[in-house]
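1. fold the stuff below for me.
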Amino acid sequence: EFNFDVTEAEIIQDGKVFLGRKGGIVTADDGTTIEAINFDYDKSSNILVANENVKIDDTIQDIKIFTDKITYLKNKEIVITEGKSKAISNEIIINAHKFEYNKITNILIATGNVEIVDIAKDIKIFTDKITYLKNEELLITDGNSKVIDGGITINANQFTYYKFLEKINAKKNVIIEDKIENFIIYAEDTTYLKNKDEIFTKGRTNVIFQSNYDFLSQDVTLNRYQKELRSSKDSILKDGDSTLYKLSKFIYFYDKKLLKGEEIETETNYLTKESDKLYFSEAFIDFTKNKHLSKDTKILLHKKIFDNEREPEDDKENFFSGQNDPRISGVSSRGNEKEIILDKAIFTSCKKTDKCPPWSIKADKITHDRVKQNIDYKNAVVNVYDVPVFYFPKFFHPDPTVKRRSGLLQPRLNDSDILGTSF
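-> Alright, predicted model coming up:
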């Protein structure tokens, strides 16, 4: 079953063992050639051992193996290597400490500091163990694994690389870092489509852009070509300005830092007690220009924002502390760091538990000028228990951050046994 062409040959043990020395080539019955310095062949077990500068060339399966030592179990058609080993097949190069190659199933298992290079796709894989199914051109890793593709690095416990599809599936403790696009993804199950430049995740996912925009979501899609991240699942975004966003679905264009979302709840200064909340049914938020454009807006200011207007004497407790529910709502809004404009809006600071607010101001437009610290109203109507009382074509008052300023005071209802109800 083997044809030996060696420099020196010796037959021992009554012809059962053949020794080849000082270099030569052994050819198997299927045309596979084995070059080495030394050969030991046991005819009874049909096992060939070759060592020193071993080279195997299997032309039928189109694979070449280079190693220090091999044991060829001819009856099982299994080749086992020892020492530094390299395999080359279909522009795939595999380096490892040990190979087990099954010629019948055409499956190669590599273990120990495994390194795979796909020359055609420019992909490198590092792992503890890999199974290479040559017929399917499928590579499966096991243990700590890393994939490098240009600027993308993927770490995971397991990879499945579909060479023909240019697809990499990573599972368990997945970390994807893109130094070119400047993002990191943490997930448990991801799929990277190299030819489409897309990444898909399954389950809980954390994506961080520029170390500043932190998304917590599920089942996300990241398209590197279109430079967008999207999800149709409930998500949370934290930015570097201590603002928290909750969204039912979103698209984030990360090169422009532009967010489009639905059912958005925004909380400013979410790490403090003095946080304001904004609700948008739909909105575009431009983080670069600090601008937004939205539909169906609600703004909930923190409860103590009006407490300064009711300061008690120094030795008394402020009974009204935190008793307000200041809020503004409008059919649409837009704004930036200097001002926020709400259309068809209504403002009140009365408690939400009231069946209808004791007082409110409705206007065609409400503008919060953050620079002048004013809230301006156009075509404003002051309502008391939903009854129109005053009309002002134009009207303004200081915003709640102003402690003292002359002008019209915030409307207030009083009730006493002597004077009765007053406004």
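
2. please count neighbours and contacts with C-alpha atoms only from this point.
-> Noted.

3. just the element for residue 245, please.
-> strand 243-247 (DSSP states H and E).

4. and after that strand, which helix or strand comes next?
-> Following strand 243-247 toward the C-terminus (DSSP H and E): strand 249-253.

5. tell me what that following strand is packed against?
-> Counting contacts by 3 or more CA pairs under 8 Å, 6 or more residues apart in numbering; DSSP states H and E, strand 249-253 packs against strand 228-231, strand 258-268.

6. list the beta-bridge partners for the nearest residue to residue 250 once chain neighbours are set aside.
-> Counting by CA to CA, 6 or more residues apart in numbering, residue 250 lies nearest to residue 261, which is 4.2 Å off, once chain neighbours are set aside. When bridges are called by DSSP bridges, residue 261 pairs up with residue 250, residue 283.

7. give the contact list for residue 261.
-> By CA atoms under 8 Å, 6 or more residues apart in numbering, residue 261 lies in contact with 247-251, 282-284.

8. pLDDT and neighbour count for the residues you listed - can I get that in TSV?
-> Listed next are the contacts of residue 261 as TSV, based on pLDDT from 0 to 100; neighbours: other CA atoms under 10 Å:
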residue	pLDDT	neighbour count
247	95	24
248	95	17
249	95	19
250	96	25
251	97	19
282	92	20
283	92	23
284	93	20
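
9. show me which pair in these is furthest apart.
-> Within the contacts of residue 261, 248 and 284 form the most distant pair, 14.0 Å apart (CA to CA).

10. now the strands for the stretch 301-423 of the chain?
-> Ranges of strands in the stretch 301-423 of the chain, per DSSP state E, counting those that start in this stretch, are 327-335, 339-348, 359-369, 374-384, 387-398, 414-416, 420-422.

11. same list (those) but as JSON lines, adding mean pLDDT and mean neighbour count.
-> Converted to JSON lines, these look like this (pLDDT from 0 to 100; neighbours: other CA under 10 Å):
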{"stretch": "strand 327-335", "mean pLDDT": "86", "mean neighbour count": "21"}
{"stretch": "strand 339-348", "mean pLDDT": "87", "mean neighbour count": "21"}
{"stretch": "strand 359-369", "mean pLDDT": "88", "mean neighbour count": "22"}
{"stretch": "strand 374-384", "mean pLDDT": "88", "mean neighbour count": "20"}
{"stretch": "strand 387-398", "mean pLDDT": "86", "mean neighbour count": "14"}
{"stretch": "strand 414-416", "mean pLDDT": "58", "mean neighbour count": "9"}
{"stretch": "strand 420-422", "mean pLDDT": "58", "mean neighbour count": "9"}
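
12. out of those, which is closest to residue 184?
-> Once the strands of the stretch 301-423 of the chain are compared by CA to CA, strand 327-335 is nearest, at 30.3 Å.

13. now the closest one against strand 339-348, angle please.
-> If you take axes from the mean of the first three to the mean of the last three CA atoms, to 10 degrees, strand 327-335 sits at 160 degrees to strand 339-348.

14. lowest-confidence stretch among the helices and strands packed on strand 249-253?
-> The weakest mean pLDDT among these belongs to strand 258-268, with a mean of 91.

15. between it and strand 249-253, how many degrees?
-> Using the same axes, to 10 degrees: strand 258-268 against strand 249-253 is 120 degrees.

16. quick one, which of the strands of the stretch 301-423 of the chain is nearest to residue 143?
-> Judging the strands of the stretch 301-423 of the chain by CA to CA, what sits closest to residue 143 is strand 327-335, at 50.7 Å.

17. packing partners for the closest one?
-> Counting by 3+ CA pairs under 8 Å, 6+ apart, the packing neighbours recorded for strand 327-335 are strand 291-300, strand 339-348.

18. alpha carbons only: can I get the first one in CSV?
-> Taking C-alpha atoms only, strand 291-300 is exported to CSV below (Å, rounded to 0.1, in the frame of the first residue of the first chain):
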residue,chain,number,x,y,z
LYS,A,291,-30.9,69.9,18.2
HIS,A,292,-34.1,67.9,18.0
LEU,A,293,-37.3,67.7,16.0
SER,A,294,-40.3,65.7,17.4
LYS,A,295,-44.0,64.9,17.5
ASP,A,296,-46.3,64.8,20.5
THR,A,297,-43.9,66.2,23.1
LYS,A,298,-44.3,66.1,26.8
ILE,A,299,-41.8,67.8,29.2
LEU,A,300,-41.9,66.9,32.9
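
19. how close does the nearest residue to residue 139 once chain neighbours are set aside get to residue 396?
-> The shortest distance from residue 139 to any non-neighbouring residue, by CA to CA, 6+ apart, is to residue 132 (4.5 Å). According to CA to CA, to the nearest Å, residue 132 and residue 396 sit 73 Å apart.

20. same deal with residue 166?
-> Counting by CA to CA - residue 166 and residue 396 are separated by 62 Å.

21. ditto for residue 281
-> Distance from residue 281 to residue 396, by CA to CA: 27 Å.

22. hmm, back to that, what does the strand holding residue 245 contact?
-> For strand 243-247, contacts defined as CA under 8 Å, 6+ apart pick out 234-238, 261-270.

23. try 6 Å this time
-> 234-238, 263-269 (CA atoms under 6 Å, 6 or more residues apart in numbering).

24. what's the answer for stretch 369-387, then?
-> By CA under 6 Å, 6+ apart, the list of residues contacting stretch 369-387 reads 338-339, 358-368, 388-399.

25. and stretch 33-44, how far out from the chain middle?
-> 52 Å (CA atoms, centre = their mean, to the nearest Å).

26. now do stretch 388-404
-> From the chain centre to the centre of stretch 388-404 is a distance of 45 Å (CA atoms, centre = their mean).

27. for stretch 9-26, same thing?
-> 60 Å.

28. out of the contacts of residue 261, who's nearest residue 60?
-> residue 251 (50.2 Å).

29. what distance do you get for that closest one to residue 282?
-> Taking CA to CA, one finds residue 251 at 12 Å from residue 282.

30. using TSV, please lay out the contacts of residue 261 together with distance to residue 99.
-> Shown next, in TSV, are these (distance: CA to CA, whole Å):
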residue	distance to residue 99
247	50
248	50
249	48
250	47
251	46
282	57
283	56
284	55
